[in-house]
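A.B. asks: Structure of the sequence below:
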Amino acid sequence: MRAVELMEHGGPEVLRAVEAETPEPGPGQVAIDVAYAGVNFADLKARAEGYRVPALPFRPGLEVSGRIRAVGAGVTGLSVGQEVAALTGGGAYAEVALAEAVTVFPLPTGVDLRTAATLPTVLPTAYALLHAVGRFAPGETVLVQGAAGGVGTVVGQLAKAAGAGAVYGVVSSEAKVAHARAYGYDEVFVGAFEKPVRAATDGRGVDLALDPVGGDTLRGSLASLAPFGRLVSFGNASSAAPWSVGQPDLYPLGVAVAGFSVLTLATTAPAVLREVADRAFAKVADGTVSIPVTAEFPLAEAAEAHRLLGSRTSTGKLLLTVGATAS
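C.D. replies: Numbers count the residues shown, from 1 in each chain. As a prediction, this is how the structure comes out:
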């Protein structure tokens, strides 16, 4: 089968198309004939920095859509030929990918394979950030870093549908403002955001801040909270040094800090992830959420997808088209 691997860490050019053995599912696993694979920022960090890379050579890719090719021992409720979306934890840049059965999701009614490939990482993450970890309540205000990206696009829609008092987004360029506004954001700030957030909230700050960037941006998000506000960290795109929060940060306004990783939850509490994912997927099936695919690349051009995502000029979701056929 065809696959894309890296033999060393570096720029997009280290991604190489190779011929590889077709994997067979072990106990509790499912093999999937991949139609589409999602491209995520975590893939770029794996390629460049070794993020979650146990050894080289390594095959990136965290999510796929496709049809079940084979099921391993002990797998129930899934069958060969069934159309599914799956969180893979790695190995998705290939014609056949393996996934643990607990992170394989039958497609909701009305959702095609192309749309399904956008769901496994972004949708449960956005839903968990807002509802499970962020404990959002109707009428509250929300601040989202990376508002024009995949997770940001979904959070804006979910927050608006759940009755947010206002949804504020932060993007890296003026070119992304219109996209964010189209997906639920009331105001969108480019670059600097602390003073604009205070001005927009009459000095109060926001009830919930969601941050995938880390470093100074995370500190700015913390400083933008209202009394009893919550900050959820769900990434470190800046690759900043590990951060810490102490009493001087939390006590003055009674704020709270939490964290979330869909990949970690898939390992530590897969049944909980499945519950969150089922509720999140329903939001696509009922039309509450749509996730725009803004660019597609053949599997062999995975490096070009990485270049685009790494340029910070893209919006929405990027996909690799692997073995897509009519759903």
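A.B. asks: alpha carbons only for contacts and neighbour counts from here, please
C.D. replies: Noted.
A.B. asks: Neighbours of the closest residue to Ala20 other than its chain neighbours, how many?
C.D. replies: What sits nearest to Ala20 in space, not counting adjacent residues and going by CA to CA, 6 or more residues apart in numbering, is Met1, at 5.4 Å. By the measure other CA atoms under 10 Å, the count of residues near Met1 is 11.
A.B. asks: and Met1, what does it touch?
C.D. replies: 19-22, 94-96 (CA atoms under 8 Å, 6 or more residues apart in numbering).
A.B. asks: which of these lies closest to Ala159?
C.D. replies: Ala94 (34.5 Å; CA to CA).
A.B. asks: Is Asp207 in contact with Glu140, as I believe?
C.D. replies: Yes. Counting by CA atoms under 8 Å, Asp207 does reach Glu140; the two are 5.9 Å apart.
A.B. asks: Who has more neighbours out of the two?
C.D. replies: Between Asp207 and Glu140, counting by other CA under 10 Å, Asp207 is the more crowded of the two (23 against 17).
A.B. asks: Can you classify the more buried one as helix, strand or coil?
C.D. replies: Following DSSP: H, G, I helix; E, B strand; the rest coil, the label given to Asp207 is strand.
A.B. asks: what's near enough to touch Thr217?
C.D. replies: Contacts of Thr217 by CA under 8 Å, 6+ apart are Asp211.
A.B. asks: Show the model's pLDDT score for it.
C.D. replies: We have a pLDDT of 96 for Thr217.
A.B. asks: Confirm it sits in a helix?
C.D. replies: Yes. Inclusion of Thr217 in a helix is indicated when three-state DSSP is applied.
A.B. asks: Against Gly139, how distant is it?
C.D. replies: Taken as CA to CA, to the nearest Å, the spacing of Thr217 relative to Gly139 amounts to 25 Å.
A.B. asks: One more: Ala240?
C.D. replies: Ala240 is 33 Å from Gly139, where distance means CA to CA.
A.B. asks: now swap in Leu208 and tell me
C.D. replies: Taking CA to CA as the measure, Leu208 falls 11 Å from Gly139.
A.B. asks: and these two? which has more neighbours close in?
C.D. replies: Neighbours were tallied for Leu208 and for Gly139 using other CA under 10 Å; the higher tally belongs to Leu208 (30 against 14).
A.B. asks: how about low-confidence regions in the chain?
C.D. replies: Residues of the chain meeting the criterion pLDDT under 70: 325-327.
A.B. asks: which strand is the longest one in it?
C.D. replies: In terms of residue count, the longest strand belonging to the chain (DSSP state E) is strand 29-39.
A.B. asks: Partner strands of it and their direction?
C.D. replies: Strands adjacent to strand 29-39 in the sheet, as given by DSSP bridges, are strand 63-71 (antiparallel), strand 96-100 (antiparallel), strand 317-321 (antiparallel).
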